[in-house]
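*Asks:* kindly return the folded structure for what I paste below:
(chains A and B)
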Number of protein chains: 2
Amino acid sequence: MRAFGKYLALSGAAALIASVAMAGGKPDAPGAAHFTDKGELLFPADYRSWTFLTSGHGMSYNAQANAAADQPFDNVFVDPESHAAFLKTGHWPEGTMLVLEIRRSTSKGSINQHGAFQSGDPVGIEVHIHDSKRFKGGWGFFSFDGAKPATMIGYDASCYACHQAHAAVDTTFTQFYPTLLPVAKEHGTLSAAYLAEEKAAAKP
Amino acid sequence: MRAFGKYLALSGAAALIASVAMAGGKPDAPGAAHFTDKGELLFPADYRSWTFLTSGHGMSYNAQANAAADQPFDNVFVDPESHAAFLKTGHWPEGTMLVLEIRRSTSKGSINQHGAFQSGDPVGIEVHIHDSKRFKGGWGFFSFDGAKPATMIGYDASCYACHQAHAAVDTTFTQFYPTLLPVAKEHGTLSAAYLAEEKAAAKP
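*Replies:* Purely as a prediction, here's the structure:
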């Protein structure tokens, strides 16, 4: 599976409403993200009302991964303001906040016989935020344990390097967002690294 | 797979904005659904901004289904007003409109090695609408071919009987919506048929 500080598929931090929490007289972020004085990210309680980008099932970037049928689903949401900006520009604005929600899958349940549906409460919530003043490289990852404020995942975690090396747009895995990949293509905002990988993969 | 007039997993018809299209001086529906004079449903162009309910992968209610790895995903959205009403009551209000969007899945793509992600344009869009004045039994199914207005699927299609017999709430498959099943339990709105099936399934 992707996720949990290993292979995050998220990105960004903007606002449902252009509200800013004030800390010491300064807004704490340009978008939907709000932080404690210690720099912990507050849980984005309303993310299920944000814009849905995609859902994957059992995704893994690791060739050795176990491909068991009960692999989790991951649902990706973005704050609606940043989504609207992306549609116009093909880039994520400052303040973009993407949420990756992980849920268990069930195959045999009710009348379902094959395939998988999502069940139960989330088993993980991870966030990727774009805030160039706050984060080295412009983006920070967080992983929530329930609704408690989350500490930033350190820059030495593999998620940062992997997103930098392989993500299609602004260090986000837009190649897995079917409604946004065409927007990025149209605006010419696909990263050079991603384009080079796709070109190499297309060779016979 | 579920869907395409065979095993629809959808339900309902309400409004992002409580707007009504006027036809002959009368509102055409209580919610988000709008119809032509011939009773065809107009394509709900903004459904991707509605509330996401869940995503399934390769779901099938047929024991003989092919469980191939490239089975499609289905994403379910509902108009936000009806979703808000469900959270308060555990029932879908008149005007509820649920959209089932079907997308192809890809396993090996970019750096993904296992599992599946969604790719490409939708390969199907189906809708379930609650409008007791318009539909026998209170609900109607539609299947879109692109963005052209859609004709109602006839009441003799198996989707009607299957939803009536097995769906957890108001003929909708709320048992597959992980955020809403607990709401229905709390409000005691699970159907007698669903509860009897779950009881029978739980027996050793």
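
*Asks:* how much space between residue A:134 and chain B?
*Replies:* 27 Å (C-beta to the nearest C-beta, to the nearest Å). For glycine as for every other residue, the C-beta is placed from the backbone atoms N, C-alpha and C.

*Asks:* what's the answer for residue A:204, then?
*Replies:* Applying C-beta to the nearest C-beta, the value for residue A:204 to chain B is 16 Å.

*Asks:* kindly report the same for residue A:86.
*Replies:* Taking C-beta to the nearest C-beta, one finds residue A:86 at 13 Å from chain B.

*Asks:* list the contacts of that residue.
*Replies:* Shown in contact with residue A:86 (C-beta atoms under 8 Å, 6 or more residues apart in numbering or on different chains): A:78, A:92-93, A:96, A:180, A:183.

*Asks:* just residue A:48 next, same as before
*Replies:* A:77, A:101, B:51-52, B:179 are the contacts of residue A:48 under C-beta under 8 Å, 6+ apart.

*Asks:* before we move on, what about residue A:166?
*Replies:* The contact partners of residue A:166, by C-beta under 8 Å, 6+ apart, come to A:61, A:173, A:193-194, A:197, B:110-111.

*Asks:* pull out the buried members of those.
*Replies:* Neighbour-count burial (16 or more other C-beta atoms under 10 Å in any protein chain shown) applied to the contacts of residue A:166 gives A:61, A:173, A:194, A:197, B:110-111.

*Asks:* and the least confident of these?
*Replies:* pLDDT across the buried ones among the contacts of residue A:166 is lowest for residue A:61, at 80.

*Asks:* next step: the contacts of residue A:86 restricted to strands.
*Replies:* Counting by DSSP state E, the contacts of residue A:86 place residue A:78 in strands.

*Asks:* now the contacts of residue A:86 in CSV, with pLDDT?
*Replies:* Below are the contacts of residue A:86 laid out as CSV (pLDDT from 0 to 100):
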residue, pLDDT
A:78, 98
A:92, 98
A:93, 97
A:96, 97
A:180, 98
A:183, 98
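
*Asks:* tabulate the contacts of residue A:86 in TSV, adding columns for neighbour count.
*Replies:* Shown next, in TSV, are these (neighbours: other C-beta atoms under 10 Å in any protein chain shown):
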residue	neighbour count
A:78	29
A:92	30
A:93	22
A:96	31
A:180	22
A:183	18
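
*Asks:* in CSV: the contacts of residue A:86, plus distance to chain B.
*Replies:* Listed next are the contacts of residue A:86 as CSV, based on distance: C-beta to the nearest C-beta, whole Å:
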residue, distance to chain B
A:78, 12
A:92, 18
A:93, 18
A:96, 17
A:180, 11
A:183, 12
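
*Asks:* and the strand or helix carrying residue A:143, how far out from the chain middle?
*Replies:* Assessed by DSSP states H and E, residue A:143 sits inside strand A:139-144. Between the centre of strand A:139-144 and the centre of its chain there are 9 Å (C-alpha atoms, centre = their mean, to the nearest Å).

*Asks:* return that strand as CSV; C-alpha atoms alone will do.
*Replies:* C-alpha atoms of strand A:139-144 as CSV (Å, rounded to 0.1, in the frame of the first residue of the first chain):
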residue,chain,number,x,y,z
TRP,A,139,5.6,21.1,0.9
GLY,A,140,5.0,19.3,4.2
PHE,A,141,3.6,15.9,5.0
PHE,A,142,1.6,15.1,8.2
SER,A,143,0.0,11.8,9.4
PHE,A,144,-2.9,12.0,11.9
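
*Asks:* other SSEs contacting it?
*Replies:* strand A:114-130, helix A:158-166 (3 or more C-beta pairs under 8 Å, 6 or more residues apart in numbering or on different chains; DSSP states H and E).

*Asks:* nearest to residue A:87, out of those?
*Replies:* Nearest to residue A:87, of all the helices and strands packed on strand A:139-144, is strand A:114-130, at 16.1 Å by C-beta to C-beta.
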